[in-house]
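Asks: Provide a 3D model corresponding to the input given below.
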Amino acid sequence: MTATDASRGFSELLDAVEHRGESFRILRRGRTVALVIPPRTFGRDDLAALLARHRPDEDWGRDLAQLRNLVREP
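Replies: Residues are numbered from 1 along each chain as shown. Reported below is the predicted structural model:
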């Protein structure tokens with residue numbers, strides 16, 4: 001979608017993103033200048049996976065352990 005078209009139909013563009021989960025590439029002079037995409041949610045499971053992938057170092061070990069315990073609580 002051109003920047004001009006995005007500007008003219010901005011409300012409709014936002015409705016499409018918000019209500020239908022659509023994504024748009026905004027072009028100016030044929031080059032991508034922006035992406036309009038639905039926000040990504042970051043939930044408890046995402047945090048647990050992130051913490052599982054990264055081993056704590058000496059300084060952060062205690063803090064990460066506390067965060068992991070918070071994530072495990074119901």
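Asks: please enumerate the strands of this protein.
Replies: 24-28, 31-36 (DSSP state E).
Asks: looking at those strands, which one is packed in the most?
Replies: strand 24-28 (a mean of 15; mean count of other C-beta atoms under 10 Å). (Each C-beta comes from the backbone N, C-alpha and C, glycine too.)
Asks: okay, now the domains of this structure?
Replies: By the record's domain assignment, the chain is partitioned as 3-36, 40-74 (automatic domain parsing).
Asks: can you get me the start-to-end distance on the shortest one?
Replies: End-to-end distance for domain 3-36, by C-alpha to C-alpha, to the nearest Å: 12 Å.
Asks: pLDDT (mean, whole number) over it?
Replies: Domain 3-36 shows a mean pLDDT of 96.
Asks: re earlier: switch the strands of the chain over to TSV; also include distance to Trp60.
Replies: Converted to TSV, the strands of the chain look like this (distance: least, C-beta to C-beta, whole Å):
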stretch	distance to Trp60
strand 24-28	38
strand 31-36	33
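Asks: can you count the residues close to Ala6?
Replies: 19 (other C-beta atoms under 10 Å).
Asks: quick one: contacts for it?
Replies: 13, 24, 26, 36 (C-beta atoms under 8 Å, 6 or more residues apart in numbering).
Asks: confidence score at Glu73?
Replies: Value for Glu73, per-residue pLDDT: 67.
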